[in-house]
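**Student:** Below: sequence and its predicted model.
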There are 4 protein chains.
Amino acid sequence: MTDVLTYRPEPAELAYTFGGREPVRRVEPGTLVELYTEDCFGGRVRDVGDLPSVMCEFPYLNPVTGPFHVEGAEPGDTLAVHFVEIAPARDWAVSSTFPHFGALTGTHTTATLHPPLDELVWRYEVDAAAGTVRYRARRGDYTVELPLDPMHGTAGVAPAAFESRMTIVPDVHGGNMDTPELRAGVTAYFGVNVPGAQFALGDGHCRQGHGEVCGTGVEAAMNTVVILDVIKGVATPTPRFETDTALMSAGSARPLEDAYRMSQHDLVTWAASLTGLDVLDAYQLLSQAGEAPVGNVCDPNYTMLAKVAKQYLGAARAYEGMHERLRAAGSRYLSSRGRR
Amino acid sequence: MTDVLTYRPEPAELAYTFGGREPVRRVEPGTLVELYTEDCFGGRVRDVGDLPSVMCEFPYLNPVTGPFHVEGAEPGDTLAVHFVEIAPARDWAVSSTFPHFGALTGTHTTATLHPPLDELVWRYEVDAAAGTVRYRARRGDYTVELPLDPMHGTAGVAPAAFESRMTIVPDVHGGNMDTPELRAGVTAYFGVNVPGAQFALGDGHCRQGHGEVCGTGVEAAMNTVVILDVIKGVATPTPRFETDTALMSAGSARPLEDAYRMSQHDLVTWAASLTGLDVLDAYQLLSQAGEAPVGNVCDPNYTMLAKVAKQYLGAARAYEGMHERLRAAGSRYLSSRGRR
Amino acid sequence: MTDVLTYRPEPAELAYTFGGREPVRRVEPGTLVELYTEDCFGGRVRDVGDLPSVMCEFPYLNPVTGPFHVEGAEPGDTLAVHFVEIAPARDWAVSSTFPHFGALTGTHTTATLHPPLDELVWRYEVDAAAGTVRYRARRGDYTVELPLDPMHGTAGVAPAAFESRMTIVPDVHGGNMDTPELRAGVTAYFGVNVPGAQFALGDGHCRQGHGEVCGTGVEAAMNTVVILDVIKGVATPTPRFETDTALMSAGSARPLEDAYRMSQHDLVTWAASLTGLDVLDAYQLLSQAGEAPVGNVCDPNYTMLAKVAKQYLGAARAYEGMHERLRAAGSRYLSSRGRR
Amino acid sequence: MTDVLTYRPEPAELAYTFGGREPVRRVEPGTLVELYTEDCFGGRVRDVGDLPSVMCEFPYLNPVTGPFHVEGAEPGDTLAVHFVEIAPARDWAVSSTFPHFGALTGTHTTATLHPPLDELVWRYEVDAAAGTVRYRARRGDYTVELPLDPMHGTAGVAPAAFESRMTIVPDVHGGNMDTPELRAGVTAYFGVNVPGAQFALGDGHCRQGHGEVCGTGVEAAMNTVVILDVIKGVATPTPRFETDTALMSAGSARPLEDAYRMSQHDLVTWAASLTGLDVLDAYQLLSQAGEAPVGNVCDPNYTMLAKVAKQYLGAARAYEGMHERLRAAGSRYLSSRGRR
């Protein structure tokens, strides 16, 4: 039997950092958590007239739900988070440009003397039944439907070394990786840095392009179901994802080639250890069989993933089959609710 | 009727630069060219004992076939190159590490004090009928089949400004972009910088992972069929690709985020001009609907693509339907040969 | 009259983050603090046989002395820190390579498959009277004297947005900027993010080359004298330094060109506001008259400074003459002790 | 006796590439050349109303004088170029912003959606006797004198591998390094890639800040005197400079940290070979004694130098004393003309 916890944060409970926070709940390993996450604007941007720079106040941006203390998780262990379901909580979502934020604008760090680009908000209609979101141009009447593909931009644990990081930052603790690969059906693995791991989650997107080039996805509050579990005595150096068919490693750094290097390095050495391949043999195999999904190219660190189909790695099984077990538990839960 | 030219270069005819060469042939716009390309090692690396650093001599690396002078192509025009067919010319292919080359090693520019990684060669068996290549570990007995997915790493025209560039360099003239997106069925567009455009092609890969992380793909000689055509009076600022379902722009630069920026910037502004969307509206649309396939993260410039499904851009038609016309001509050719 | 506080931390009082710590002392604005800082190895590396990777335990690296709560400092104010004296506390100092740390090696982020470079320690003799440190080769008998030029690698305040950052990280709160420009005679300005500013200091170097290419300077415990003061109602976006003859802005980011951009952008806009020059006029002036001292090219963010001689900025006076006042107070203190 | 050649190019003789050009003159090793270089705008921007984007036509930018074929220089040799004198040819000079060029603006590669910054020209008065240039604000009446410190932004030889590169590009062949360190009194060393080396020179600056942040220096035509000589059988991997007191290596790459790495790597290994120090011992020594002057942070590659005072390298003598010999010859020439 899986424990089930339902948690919907009060506004005052929302967190703006990974690390430095008291847990909102303590759960046993294996607990399934039904939770609610607010959107990256804290729900304050509801229509095209609501400019984020006016409605939102630094540093109260990109709130996360949590942290959850997972009993028994200790530094050196791995936290497994299986994403059972990610469902938009409203029938609308928003996206925007934001002054000096995004990939095609001068920013705080890629500092230029240009004034900011226009700050614009786009409102999307979300049709969960049809599985679509509707884009509408702001300066014309063009409109088009895009597939709904819900994901969480921000997920992670408390960092090491007594650090506390803004939720907008992705790094080896997870955080704001902003990758469309973090969708339902995935098990994410995070190295545990502090007792209880302190997992938190937020920044749902109804969908997102590769790199989140303008700086935001189709931002939405989410009703999300995860299962939290612990792998004792196994360290995880950087966030990893597993699906039924693929393994992935995430790298978050600047410049972007370092995010690429970190993710590929981790996947090469992980694949070598899973398969018994020599490291250079694994390097060669991934050079031909590997993928490199882009996460974000706009956040304080950029994120890239290295990805490989499990079928190319023989009989290797990651984390002693944790994904398969959690996947099965998630399926039972969904079936029992008549949701899949 | 389509003109057909068959051309197989003598070794002495191979080129090692884009620009600075006399054309090997002159063709009329619309000509279909059946050509042969040697592999990036000039065919000298045939088995695991053939080390590239021994068998190959700088700068005689990465030979290309061409250049072809396309009559009537002038600076300011666009050269369209439709890839009808890319077929491995042998039943084997090779890949290798190379001293101080690749993404997970110190290099000439990311200069470190480390000695080079081991130089190793992997030989792949190519089964064109089955549509596979077979990987074999060098330091163990692991073996696995990967899908055959032929592509050209290097394709482009003579650069502007009287430049001549090594074939290993990708830039706005094309060159060594090393993207798996350059496969059969694609029409590539290059801005013309010199009379006749001077198109050349090489560096076939039976397949390649994203980023070509070890520095080489599954390197193979190819029998390739292209159709060369010209779009008069239309400039193309950076290489673009079109398939039946997608549009792509390529960016080649360092650091990698600049390759991303260049490719996304071109696709945003191109999409805006094709659809009539405001530039910020196009920026938003591509932020949610766009992809970012990684080309190489190992060459003198890194290459990324920005990609979007045509279905999200309404009724827009690129380059006055050039792709559709060349695609049809290519299909007729293949049908007439009984090859599709 | 200047208040004087003398503070020598117990080992257990040393801090390893900026932010997230209780202050060790509370001082009034204008207080002169005589303090002791331990070296970056916590004093555990004392000779060439003491390997840092053995003697030091993550995250107990790069300890800082502090934080000091400066009464009345509030977010939006500026903390002024005048460096009166920086004196090596011992007659020896050490430097080392460290596995996967430094500019000419693969690192955690510039991830490669190379094993680490050899870990070596160099011990320097410090002759404060002669004003020299003596380098001795480890693998030969070459030795040479270099000028003593004491500085602090790490200085800063608590970060904004509830963050807590490892002391090894430089960012807009200061931190591990590792610039030789932070020597005695300088007034450093930091934007205040939390009540009391929470200033801390450490990582003394007897001297350091530009970029700290191997990852460490001539690391030494220091007896240092600073004066802490507050400029109310004036914000400082990134650390700035002032000497009798120059103004400087620091930028910390990756890639290195962003550190350059941030520092030059701040100095251009600061110079414009000090002089009344149009921003493009200031851009031009600094393009011809500006300098760009390199701090570090090895830490989690790289640091560069933008620097300009005050003489080129006319009668402009920064921060209402704070540097001149603190400089005078520092001189009186040194004179009263017979130290200058 | 030193051969003396005087050469003033006709406009049609100016070159816009390194490589791909016939020599304008052939000289024996040891020849002293009195030459004239036009400014980077080809002399067409003479006052504040002359906008570069209007007056200059791509690719006719940044002309160089040459190339000079030095008899006997062969691939694998080193060309030594001693700068005897660099004297402004006019009593005015100009600088400007240029659309999408410079460090604090979106550019072709750091592609943004911003419109360009204003294009402005600044005219400087040059007072060679006083040793000053006078800056005048465009949007106010501020004016200030800056020291005259003449240099050449662009100097180099034909590249390897049949390449021809725009003069605006710096790379291992030299080119547009834009470093203030290339002033009179310096001997520059370039690896020879083609017979005769094919040396060319241009882009004089009356002075330049570090990084050339706005994209241009104080641009001026120059009357320059160099001595060209050859060191047979000694290769030089990247441009190096020698003064009476210092050795320098140049690195040109993106991102900027790679320019830093290349330059430091070359100086570390060069210093090790000159002194017999172990490479890690040299790494340590330069980590404490080395400097890192910034060249440009605006050109297609960025340039940094690594620099070390000869006094820290013992009795080492570079290139068998070539600098001392050419320096003496240069001094004799200047004395004979009564110019020093």
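**Tutor:** Now that the structure is in, tell me what you want to look at.
**Student:** Up against chain D, what does the stretch 51-200 of chain A have?
**Tutor:** A:Leu104, A:Thr105, A:Gly106, A:Thr110, A:Ala111, A:Thr112, A:Leu113, A:His114, A:Pro115, A:Leu117 (Cβ under 8 Å from any Cβ of the partner chain). From N, CA and C alone the C-beta is placed, and that goes for glycine too.
**Student:** Grab the nearest non-local neighbour of the fourth one.
**Tutor:** Spelled out, that is A:Thr110. Sequence neighbours aside, C:Asp258 is the residue nearest to A:Thr110 in space, at 5.6 Å (criterion: Cβ to Cβ, 6 or more residues apart in numbering or on different chains).
**Student:** How far away from the center of its chain is the helix or strand that neighbour falls within?
**Tutor:** Secondary structure assigned from DSSP states H and E places C:Asp258 in helix C:256-275. Distance of helix C:256-275 from the chain centroid (Cα atoms, centre = their mean, to the nearest Å) equals 19 Å.
**Student:** One more: stretch A:274-292?
**Tutor:** 25 Å.
**Student:** where along the stretch 101-250 of chain A do the strands fall?
**Tutor:** If DSSP state E, counting those that start in this stretch is used as the criterion, the strands of the stretch 101-250 of chain A fall at A:121-127, A:132-136, A:143-147, A:151-156, A:165-166, A:170-171, A:174-175, A:187-191, A:197-205, A:222-231, A:240-242, A:246-253.
**Student:** so how far is D:Thr110 from the closest residue to A:Gly211 other than its chain neighbours?
**Tutor:** Distances taken as Cβ to Cβ, 6+ apart place A:Val297 nearest to A:Gly211, at 4.0 Å, with adjacent residues excluded. Look at A:Val297 and D:Thr110: by Cβ to Cβ, to the nearest Å, they are 12 Å apart.
**Student:** what do those two both touch?
**Tutor:** Both A:Val297 and D:Thr110 are in contact with B:Arg261, where contact means Cβ atoms under 8 Å, 6 or more residues apart in numbering or on different chains.
**Student:** the more surrounded of those two?
**Tutor:** When neighbours are counted by other Cβ atoms under 10 Å in any protein chain shown, A:Val297 and D:Thr110 differ, and A:Val297 comes out ahead with 27 against 24.
**Student:** mind listing what the nearest residue to A:Arg254 once chain neighbours are set aside touches?
**Tutor:** Among residues not flanking A:Arg254 along the chain, C:Arg254 sits closest, at 4.2 Å (Cβ to Cβ, 6+ apart). By Cβ under 8 Å, 6+ apart, C:Arg254 lies in contact with A:Ala253, A:Arg254, A:Pro255, A:Asp258, C:Asn301, C:Tyr302, D:Glu257.
**Student:** at 7 Å instead, please
**Tutor:** By Cβ atoms under 7 Å, 6 or more residues apart in numbering or on different chains, the residues touching C:Arg254 are A:Arg254, A:Pro255, C:Asn301, C:Tyr302.
**Student:** List phi and psi for the nearest residue to the second one once chain neighbours are set aside.
**Tutor:** Just to be clear, that refers to A:Pro255. Excluding its sequence neighbours, the residue lying closest to A:Pro255 (Cβ to Cβ, 6+ apart) is B:Pro255, at 3.5 Å. Dihedral angles of B:Pro255 (phi, psi; degrees, to the nearest 10) stand at phi -70, psi 180.
**Student:** What about contact with chain C: does the helix or strand containing A:Phe68 have any residue there?
**Tutor:** Assigned by DSSP H and E, A:Phe68 belongs to strand A:64-70. No - judged by Cβ under 7 Å from any Cβ of the partner chain, strand A:64-70 and chain C are separated, with a smallest distance of 12.4 Å.
**Student:** now the angle from that strand to strand A:151-156?
**Tutor:** Orientation check (axes from the mean of the first three to the mean of the last three Cα atoms, to 10 degrees): strand A:64-70 against strand A:151-156 gives 50 degrees.
**Student:** Now do strand A:64-70, average pLDDT.
**Tutor:** Averaged over strand A:64-70, pLDDT sits at 98.
**Student:** repeat for stretch A:273-285
**Tutor:** pLDDT averaged over stretch A:273-285 gives 97.
**Student:** is it anywhere near chain C?
**Tutor:** Yes - shown here: stretch A:273-285 in contact with chain C (Cβ under 7 Å from any Cβ) through A:Val279, A:Tyr283.
**Student:** start to end distance for that stretch?
**Tutor:** With Cα to Cα, to the nearest Å as the measure, stretch A:273-285 spans 14 Å from end to end.
**Student:** which parts of that stretch are buried?
**Tutor:** By 16 or more other Cβ atoms under 10 Å in any protein chain shown, the buried positions in stretch A:273-285 come out as A:Leu274, A:Thr275, A:Leu277, A:Asp278, A:Val279, A:Leu280, A:Asp281, A:Ala282, A:Tyr283, A:Gln284, A:Leu285.
**Student:** any idea how far chain D is from the fourth one?
**Tutor:** Using Cβ to the nearest Cβ, to the nearest Å, A:Asp278 is found at 28 Å from chain D.
**Student:** quick one: contacts for that residue?
**Tutor:** A:Asp278 makes contacts with A:Ala272, B:Ala137, B:Arg139, B:Gly140, as judged by Cβ under 7 Å, 6+ apart.
**Student:** same thing with the third one?
**Tutor:** Applying Cβ under 7 Å, 6+ apart, one finds that A:Leu277 lies in contact with A:Ala271, A:Leu285, B:Ala137, B:Gly140, B:Tyr142.
**Student:** re earlier: count of neighbours near the residue nearest to A:Thr110?
**Tutor:** Using other Cβ under 10 Å, C:Asp258 is surrounded by 27 other residues.
**Student:** what's the answer for the one 4 residues further on, then?
**Tutor:** Summarising burial for C:Met262: neighbours were counted as other Cβ under 10 Å, giving 28.
**Student:** Identify the residue spatially nearest to it, adjacent ones excluded.
**Tutor:** Nearest to C:Met262 is C:Gly251, by Cβ to Cβ, 6+ apart, at 2.9 Å.
**Student:** Against chain B, how distant is the one you found?
**Tutor:** Going from C:Gly251 to chain B by Cβ to the nearest Cβ gives 17 Å.
**Student:** can you check A:His210 too?
**Tutor:** If you measure A:His210 against chain B using Cβ to the nearest Cβ, the figure is 4 Å.
**Student:** before we move on, what about A:Leu247?
**Tutor:** Counting by Cβ to the nearest Cβ, the gap from A:Leu247 to chain B is 14 Å.
**Student:** do the same with A:Asp3
**Tutor:** Separation of A:Asp3 from chain B (Cβ to the nearest Cβ): 36 Å.
**Student:** so what's the backbone phi/psi at that residue?
**Tutor:** Torsion angles, degrees, to the nearest 10, at A:Asp3: phi -70, psi 140.
**Student:** Same question for A:Ser53.
**Tutor:** Dihedral pair for A:Ser53: phi -70, psi -20, per degrees, to the nearest 10.
**Student:** List the buried residues for stretch A:5-15?
**Tutor:** A:Pro9, A:Leu14, A:Ala15.
**Student:** what about stretch A:22-32, distance to the chain center?
**Tutor:** Put simply, stretch A:22-32 sits 19 Å off its chain's centre (Cα atoms, centre = their mean).
**Student:** gap between the two ends of it?
**Tutor:** 20 Å.
**Student:** ranges for the helices of chain A?
**Tutor:** A:52-55, A:256-275, A:279-289, A:322-336 (DSSP state H).
**Student:** and A:Pro195, what does it touch?
**Tutor:** Counting by Cβ under 7 Å, 6+ apart, A:Pro195 touches A:Ala73, A:Glu74.
**Student:** Does A:Val84 touch A:Asn223 like I think?
**Tutor:** No - the pair A:Val84 and A:Asn223 does not pass the contact test of Cβ atoms under 7 Å, sitting 11.1 Å apart.
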